[in-house]
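Participant: sequence plus the predicted model coming up.
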Amino acid sequence: MSINIPIFNKIIASEAAFDELLKPYRERADRIMVGMNIFLFLVCLALAPLHNTLIAVGVIGLPTLLLSIWLTNKYPGELKTRLFMALGFMIYTALIIHQNGGVTEAHFSAFGLIGVLLYYRDWRTIIVATVSIYLHHLVLGYAQTLGSPIYVFNNPHFWVMFGSHITYFLPFITMMSYLSIWLRREGYSNQEDLLALKRAELKLQQLNQELEHRVEERTAQLKEAKEKAEVASQAKSEFLSSMSHELRTPLNGILGYAQILRRDRHLSPDRDKGLKIIHQSGNHLLTLINDILDLSKIEARKLELHLTDIHLANFLSGVAGIIKMRATEKDILFQYEALPDLPTGIQADEKRLRQVLLNLLGNAVKFTDRGTVTLEVSSLQQYRSDDSTFETTLRFEVRDTGVGINPQQLAKIFQPFEQVGDVKRRAAGTGLGLTISRQLVELMGGQLQVSSELGKGSTFWFEATFPVVEQVTAQDQLSKQRRIVGYQGKRRQILVVDDKEENRLVLQNMLEPLGFEIALGEDGQQEIELAQQIKPDCILTDLVMPVKTGFEAVKEIREISEIENVIIIAISASVLEMDKKQSQIAGCEAFLPKPVDEQKLLALLQEYLQLDWIYEDVAESSSSDLVITEAAATQTLIAPPPEEMELLYELAMLGSMKKIRERAIYLVELDEKYAPLAAKLQALAQGFQEKAIVNLVEQYLTQK
């Protein structure tokens with residue numbers, strides 16, 4: 001049963017902390033008290049022969065001494081030890097009084113005991129000592145009434161007893177004096193320690209407050225810096241979006257009309273060359289704009305990969321075909337090596353994977369003047385993932401025998417706007433290709449790596465893991481080799497809405513020659529009115545327009561029952577993902593960025609209007625190509641001198657299609673009778689048919 005007295009409970013609770021604080025000093029006091037007990041035990045031994053009290057000393061004094069020694073070693077500084085020390089001191093005092101026949105004055109011993117116990121600074125030991133003293137005096141006082149003397153003055157041997165008191169108390173007083181001095185010194189030290197501890201505690205609290213204040217200030221600074229960074233990032237994104245929009249608008253007119261004008265089959269070589277330069281320059285500027293936007297998205301961590309099913313062989317063949325034409329123009333050999341065990345299909349972001357490969361291969365061709373450029377694709381391993389789908393790790397490696405890169409330049413080739421190598425070659429790029437490629441590869445879970453030796457060539461490679469697709473349809477590449485001239489079935493009506501006249505005219509001139517009926521609108525309000533009036537099969541709408549935006553117009557059209565199902569394709573110079581998503585939310589079926597790519601536009605129209613195209617076979621010619629008539633192609637082939645045929649054979653074996661076309665022009669200049677053979681060579685070279693050229697030339701070499 002516990003005592004529930006608040007003040008008493010508070011005192012008891014405080015003693016635990018006080019005991020822990022003074023424990024080192026109380027351990028020292030315990031050792032001193034043991035020394036005092038040893039002294040008193042020796043006094044008792046000295047007095048034993050006088051009154052034959054050796055048995056009492058052995059029975060009472062020795063166990064008390066041994067127990068005090070054991071407690072000091074076993075429980076130093078603890079309460080049980082202190083309480084026994086107080087009681088033990090009184091036991092020795094009573095023993096000495098007994099040895100002197102009850103005539104020894106013990107008050108000085110009692111007062112000395114209280115002085116020693118004060119060092120403990122423990123009220124509990126004081127209580128034990130005080131109670132013991134009063135019990136001792138009570139017993140002896142009662143004994144006096146029975147005729148037993150208590151005070152020394154009642155003893156007839158006064159001087160003997162006085163001398164014995166002096167002899168007995170002199171060492172005791174000396175020890176008490178020392179203890180008094182030590183008590184004062186240690187008490188002062190304790191006070192200093194407590195004050196130092198208090199000052200340290202206050203200092204710690206102050207430091208904690210200062211630290212908390214600094215943390216709050218730093219947190220506020222970081223928050224402010226984060227807000228400023230977000231504002232700056234938003235301003236940067238808005239600036240890039242605005243600049244992209246403003247640049248894409250004129251580019252739409254430039255690239256749009258370049259595509260339209262190149263349809264003309266009667267263009268002179270000079271005009272055709274000029275249109276190609278316009279188209280290439282516009283595409284170069286568009287690439288720079290796209291690269292800057294991509295880099296901005298990557299830095300802001302807003303670029304995401306959009307996975308689709310890819311027919312791997314068809315995809316790689318398409319990439320190889322593009323690079324092969326570039327390599328042929330420089331008279332270097334391009335090799336595409338697809339090692340065995342490649343999967344039929346994979347899931348990947350086709351656009352981004354193609355972008356990386358074309359960047360690496362384009363650089364390889366640009367920095368190679370002779371020799372070969374090689375694309376090697378291999379499957380390192382296939383395994384089943386945790387969700388039971390098959391995955392494959394593919395290695396893409398691009399090797400060239402070009403100029404190479406020195407070790408100093410290797411360290412910075414992946415930095416934005418850094419270009420290495422010949423200054424003349426640097427002008428052909430933006431300096432962002434490798435930076436973006438590396439970061440796109442990292443998004444795919446790989447790491448773009450490079451090794452190079454100056455003057456001998458470079459190797460770029462990366463490995464990435466893709467989900468395997470067992471069944472995927474290969475894309476038809478035939479349409480890319482044929483020109484669309486119309487479509488079958490009834491005439492389709494398309495409403496083109498854009499606030500810029502040049503953008504409306506580009507789409508009109510692209511689509512009208514193919515048989516579409518075109519209606520034009522200038523803003524969102526006209527879009528709604530014309531859509532209700534003519535009920536078009538498809539609407540091509542800009543998004544940012546006056547009066548009403550494209551977003552607003554599309555939403556209203558979707559709420560009009562008679563035209564709510566019309567096909568709507570957004571065509572905008574705002575190409576951020578947010579704009580694309582907003583157009584889909586508003587109700588657009590598809591999004592097409594400006595400048596408008598004719599092939600992509602026609603592909604969307606085919607998908608949503610279910611069109612069957614009418615094609616015309618076409619082979620593009622360059623300004624250096626020889627213009628050949630059908631009649632010339634059917635004439636008898638007359639071979640030039642053997643040395644010319646040997647030179648053609650050598651060029652064919654090297655795969656130098658450009659030089660073969662140049663040599664064909666030279667043969668016509670040499671003699672008109674070689675025109676049929678030159679025409680044949682020109683057609684085969686333009687189709688990159690190396691084997692056919694080798695077979696043709698071998699026939700005439702054999703005849704000679």
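Facilitator: In hand now; what should we look at? Numbering: from 1, shown residues only.

Participant: which stretches of the stretch 101-250 of the chain have low pLDDT?
Facilitator: Counting by pLDDT under 70, the ranges of the stretch 101-250 of the chain that qualify are 101-123, 126-127, 129-130, 133-195, 233-247, 249.

Participant: recalculate using a threshold of 80.
Facilitator: Scanning the stretch 101-250 of the chain with the threshold set as pLDDT under 80 gives 101-201, 228-250.

Participant: again, but for the stretch 551-700 of the chain
Facilitator: 573-579, 616-639, 642-643, 646, 649-658, 661, 668-676, 679, 682-692, 694-700.

Participant: need the helices for it, in chain order.
Facilitator: 577-586, 598-609, 630-633, 642-654, 657-670, 675-686, 690-703 (DSSP state H, counting those that start in this stretch).

Participant: compile those helices into JSON lines and extend it with columns for mean neighbour count and distance to residue 377.
Facilitator: C-betas here are computed from N, CA, C, even on glycine. Compiled in JSON lines, the helices of the stretch 551-700 of the chain are given as follows (neighbours: other CB atoms under 10 Å; distance: least, CB to CB, whole Å):
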{"stretch": "helix 577-586", "mean neighbour count": "16", "distance to residue 377": "30"}
{"stretch": "helix 598-609", "mean neighbour count": "16", "distance to residue 377": "26"}
{"stretch": "helix 630-633", "mean neighbour count": "12", "distance to residue 377": "38"}
{"stretch": "helix 642-654", "mean neighbour count": "17", "distance to residue 377": "25"}
{"stretch": "helix 657-670", "mean neighbour count": "19", "distance to residue 377": "24"}
{"stretch": "helix 675-686", "mean neighbour count": "22", "distance to residue 377": "27"}
{"stretch": "helix 690-703", "mean neighbour count": "15", "distance to residue 377": "22"}
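
Participant: and of the ones you listed, who's closest to residue 255?
Facilitator: The minimum distance between residue 255 and these falls on helix 598-609, with 9.1 Å, by CB to CB.

Participant: summarise which helices and strands that closest one is packed against.
Facilitator: helix 501-511, strand 538-541, strand 567-572, strand 590-593 (3 or more CB pairs under 8 Å, 6 or more residues apart in numbering; DSSP states H and E).

Participant: among the ones you listed, which comes closest to residue 336?
Facilitator: Per CB to CB, nearest to residue 336 of the helices and strands packed on helix 598-609: strand 590-593, 30.0 Å.

Participant: partner strands of that closest one, parallel or antiparallel?
Facilitator: According to DSSP bridges, strand 590-593 forms sheet pairs with strand 567-572 (parallel).

Participant: strands along the stretch 351-500 of the chain, start to end?
Facilitator: Ranges of strands in the stretch 351-500 of the chain, per DSSP state E, counting those that start in this stretch, are 372-384, 390-400, 449-453, 457-469, 482-487, 493-497.

Participant: least confident of those, on average?
Facilitator: When the strands of the stretch 351-500 of the chain are compared on mean pLDDT, strand 482-487 scores lowest, with a mean of 80.

Participant: you'd agree residue 56 is up against residue 97?
Facilitator: No. Applying CB atoms under 8 Å as the test, residue 56 and residue 97 come out as separate, 11.2 Å apart.

Participant: the two: who's more crowded?
Facilitator: Counted by other CB atoms under 10 Å, residue 56 and residue 97 do not tie: residue 97 has more neighbours, with 18 against 15.

Participant: in the helix or strand containing that one, which residues are buried?
Facilitator: For residue 97, the host element (DSSP states H and E) is helix 79-99. Burial within helix 79-99, assessed by neighbour count using 16 or more other CB atoms under 10 Å, is assigned to 81-99.

Participant: excluding chain neighbours, what is closest to residue 569?
Facilitator: Of all residues not flanking residue 569 in the chain, residue 590 sits nearest, at 4.8 Å (CB to CB, 6 or more residues apart in numbering).

Participant: for residue 612, see how far away that neighbour is.
Facilitator: As judged by CB to CB, to the nearest Å, residue 590 and residue 612 stand 20 Å apart.

Participant: who has more neighbours, the two?
Facilitator: Set residue 590 next to residue 612 and count neighbours by other CB under 10 Å: residue 590 wins out with 19 against 9.

Participant: and the more buried one, what does it touch?
Facilitator: 569, 570, 604, 608 (CB atoms under 8 Å, 6 or more residues apart in numbering).

Participant: determine which two of those are furthest apart.
Facilitator: Largest pairwise distance in the contacts of residue 590, by CB to CB, is 12.6 Å, between 570 and 608.

Participant: with adjacent residues omitted, what lies nearest to residue 371?
Facilitator: In this structure, residue 371 finds its nearest non-sequential neighbour in residue 401, 3.1 Å apart by CB to CB, 6+ apart.

Participant: just residue 346 next, same as before
Facilitator: Closest residue in space to residue 346, ignoring its immediate chain neighbours: residue 466 at 4.0 Å, by CB to CB, 6+ apart.

Participant: pipe the helices and strands packed on helix 598-609 into a markdown table and attach distance to residue 647 per row.
Facilitator: Formatted as a markdown table, the helices and strands packed on helix 598-609 follow (distance: least, CB to CB, whole Å):
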| stretch | distance to residue 647 |
| --- | --- |
| helix 501-511 | 44 |
| strand 538-541 | 53 |
| strand 567-572 | 51 |
| strand 590-593 | 47 |
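
Participant: so for residue 29, which of the ones you listed sits nearest?
Facilitator: The closest of the helices and strands packed on helix 598-609 to residue 29 is strand 590-593. By CB to CB, the value is 89.8 Å.

Participant: take that closest one, keep the C-alpha atoms, and write them as PDB.
Facilitator: What follows is strand 590-593, C-alpha atoms only, in PDB (Å, rounded to 0.1, in the frame of the first residue of the first chain):
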ATOM      1  CA  ALA A 590      -5.800  13.700 -82.800                       C
ATOM      2  CA  PHE A 591      -3.100  16.400 -82.500                       C
ATOM      3  CA  LEU A 592      -0.600  17.400 -85.300                       C
ATOM      4  CA  PRO A 593       2.200  19.900 -84.600                       C
END
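
Participant: may I see the buried residues of it?
Facilitator: 590, 591, 592, 593.

Participant: just the closest of the residues you listed to residue 489, please.
Facilitator: Ranked by distance to residue 489 (CB to CB), the buried residues of strand 590-593 are led by residue 590 at 21.0 Å.

Participant: tell me the secondary structure for residue 306?
Facilitator: coil (DSSP: H, G, I helix; E, B strand; the rest coil).

Participant: and it, backbone torsions?
Facilitator: Backbone torsions of residue 306, given as degrees, to the nearest 10, read phi -110, psi 100.

Participant: adding mean neighbour count and distance to residue 47, write the strands of the stretch 351-500 of the chain out as a markdown table.
Facilitator: Compiled in a markdown table, the strands of the stretch 351-500 of the chain are given as follows (neighbours: other CB under 10 Å; distance: least, CB to CB, whole Å):
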| stretch | mean neighbour count | distance to residue 47 |
| --- | --- | --- |
| strand 372-384 | 16 | 98 |
| strand 390-400 | 19 | 100 |
| strand 449-453 | 15 | 99 |
| strand 457-469 | 20 | 98 |
| strand 482-487 | 16 | 134 |
| strand 493-497 | 23 | 127 |
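
Participant: from residue 76, how far off is residue 35?
Facilitator: Distance from residue 35 to residue 76, by CB to CB: 14 Å.

Participant: more neighbours, these two?
Facilitator: Taking other CB under 10 Å, residue 35 and residue 76 do not tie; residue 76 has more neighbours (16 against 11).

Participant: confidence score at that one?
Facilitator: We have a pLDDT of 90 for residue 76.

Participant: neighbours of the residue lying closest to residue 307 once chain neighbours are set aside, how many?
Facilitator: Distance criterion CB to CB, 6+ apart; nearest residue to residue 307, sequence neighbours excluded, is residue 347 at 4.6 Å. Residue 347 has 16 neighbours, counted by other CB under 10 Å.
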